[in-house]
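Chemist: sequence-free structure coming up:
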């Protein structure tokens, strides 16, 4: 599939997955991938402490948009911002001519009461702001680094819940519009992230079905993060390989090379098993990102992952019905 | 309060409460279960409370599902091992029933729509109920050792502050403003409040707000019971026999979150008693990444090349993890630091918990 077509399929991509699977990294890589296709990208964080900006070598994001990577030649720009419920609420109230009560809502703590009375109101405020960004065409691709799974389902499901609780008024209208966005595959896609391990695979399958059945969102491919690049030839005994190569092993190397090769082969096999299990349980395409042998990720790594995404998407077969878009 | 440095074994042997905190995906639930198991092995009556909505402890312990009351797990250890999954809603229900003046008041609250939203929607409720359950198990159910697996949070203090925050919420000023209109000097305030409420209800709908007010009205008189209980939980968390165990993984992002947690705990004068690092990659020999890579280049195109490339890759990773952990270890000094290697497979039964215990307790 042409990566440009993949990236243009919907303007909003919500990246979701459980804690620790690398959602933020994947969000950054998706944005970088879009930039490399000449598109502009905006990454939105909805939880305050996550290292998205650090992946671009920039200071933490704020509610005000900032540049993460400027456009250069054929490469598009990547910008970033946060959308937190309190800020989104203040903006919403100000936009609706309620600037005066907005301060009191926050200072009296009434916001907590309101949020409890109408669960999901915070999520609606965030998603409402996302919708506004989508409407205004803030970027060619808007990537949302969603809350951790479990909460990701609640986050998206809350829209339906809120429609039941608040039947009239501007919040109701807002929820309706957000639901329209979430359920329109030409505007919004959810990309789930997981690891090739047993528990993360179980959880991503559960989340995928919950999102499709209960929210009605359109799921993009599932991103499997941290897949060991398949290294061939690890089964050859080091002494034999050294003799054939006419290279002498350093003292202690035979043991270390054997152990390291055994470890790698075992990880590769375990991951392979989980990738197959995921394919069986969840019949949607997988985009596999390589495990990076680094304990901390730098901007260069994001580029490596963006390159891997471009390759993986390129290798996907062209989807059938959905992308027969009306000609533009 | 500064806890003396203690190794993990001592901690499990002497603490009454162990609070496991850390970010998501670092193996907190498994660690909590292993600590409780070790308690049972040391002859204690131990219970592990998990809050994780992914129900992973149930998987870990190989039992189908957990309920809000502890279930005993049989095994060949001198003590007892119990496990439970926190059900926030029914824990809250029990609290309401306990503190209500009569059955009618309890029913009015339990049936209120706003109340039903609290367990799912109000931030901090889960943490509050975890603290409540902890108190109950420690104080009333006579467990020697209660191990709590805290909800994944960005702020370690959410768990500690939750009881105070919820008590403040239940004692809400907005409601007070609306419900104490009798005194003349408050009337002006009240009129402003009414206007305010009208505006709010225009935005979210009047029905919703009526539910909220009905809830606060039904709740009247129960605040004191809740407050006392919250103070009990606070005291227990600050007690000498309560220890905080920080769980992390050696990846930079997880370490950054762990350092943030440790900072927040220190601000509350809470020491990290032990640091447990899961998923540590192995080191296969002493050596240098560059020298491994040089060997790989020497053997370019032969069967030896991938073997050295692999050794270099894994060494680079392990070295990076060591660097990350050195900083974290220094920050939580004098807490003990225990490493658990990346395991071959996922933990889902007592046999694999035993393997983790072997790493944690060296036997």
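Modeler: Thanks, I have the structure now. Because the structure is a prediction, the values reported are computed rather than measured. Numbers count the residues shown, from 1 in each chain, chains lettered A, B, ... in the order given.
Chemist: And the strands in the stretch 201-350 of chain B, which stretches?
Modeler: Using DSSP state E, counting those that start in this stretch, the strands of the stretch 201-350 of chain B run over residues B:242-248, B:272-280, B:336-341.
Chemist: Can I get those in a markdown table including mean pLDDT and distance to chain A?
Modeler: Where you see a C-beta, it was placed from the backbone N, CA and C, and this is true even at glycine. Output for these, formatted as a markdown table (pLDDT from 0 to 100; distance: least, C-beta to the nearest C-beta, whole Å):
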| stretch | mean pLDDT | distance to chain A |
| --- | --- | --- |
| strand B:242-248 | 94 | 11 |
| strand B:272-280 | 95 | 9 |
| strand B:336-341 | 93 | 10 |
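Chemist: and the ones you listed as CSV, adding mean neighbour count?
Modeler: Formatted as CSV, those follow (neighbours: other C-beta atoms under 10 Å in any protein chain shown):
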stretch, mean neighbour count
strand B:242-248, 26
strand B:272-280, 24
strand B:336-341, 18
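Chemist: Dump these into JSON lines; add distance to residue A:141 as well.
Modeler: Listed next are the strands of the stretch 201-350 of chain B as JSON lines, based on distance: least, C-beta to C-beta, whole Å:
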{"stretch": "strand B:242-248", "distance to residue A:141": "33"}
{"stretch": "strand B:272-280", "distance to residue A:141": "32"}
{"stretch": "strand B:336-341", "distance to residue A:141": "39"}
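Chemist: how many other residues sit next to the nearest residue to residue B:309 once chain neighbours are set aside?
Modeler: With C-beta to C-beta, 6 or more residues apart in numbering or on different chains as the criterion, residue B:309 has its nearest non-adjacent residue at 4.8 Å, and that residue is residue B:296. Applying other C-beta atoms under 10 Å in any protein chain shown, we find 21 residues neighbouring residue B:296.
Chemist: what's residue B:296 in contact with, if anything?
Modeler: The contact partners of residue B:296, taken as C-beta atoms under 8 Å, 6 or more residues apart in numbering or on different chains, are B:304, B:305, B:308, B:309, B:312.
Chemist: quick one: which two of those residues are the most distant?
Modeler: Taking C-beta to C-beta, the two most distant members of the contacts of residue B:296 are B:304 and B:312; they sit 12.4 Å apart.
Chemist: out of these two, which sits in the more crowded spot?
Modeler: In terms of neighbours (other C-beta under 10 Å), residue B:304 is the more surrounded of residue B:304 and residue B:312; the figures are 28 against 22.
Chemist: quick check, nearest of the contacts of residue B:296 to chain A?
Modeler: The closest of the contacts of residue B:296 to chain A turns out to be residue B:304 (C-beta to the nearest C-beta; 4.1 Å).
Chemist: Residue A:236 versus that closest one, what's the distance?
Modeler: Using C-beta to C-beta, to the nearest Å, residue B:304 is found at 8 Å from residue A:236.
Chemist: Also residue A:46?
Modeler: Noted for residue A:46: a distance of 49 Å to residue A:236, by C-beta to C-beta.
Chemist: Tell me which of these two has more neighbours.
Modeler: Under the criterion of other C-beta under 10 Å, the comparison of residue A:46 against residue A:236 puts residue A:46 first, with 22 against 18.
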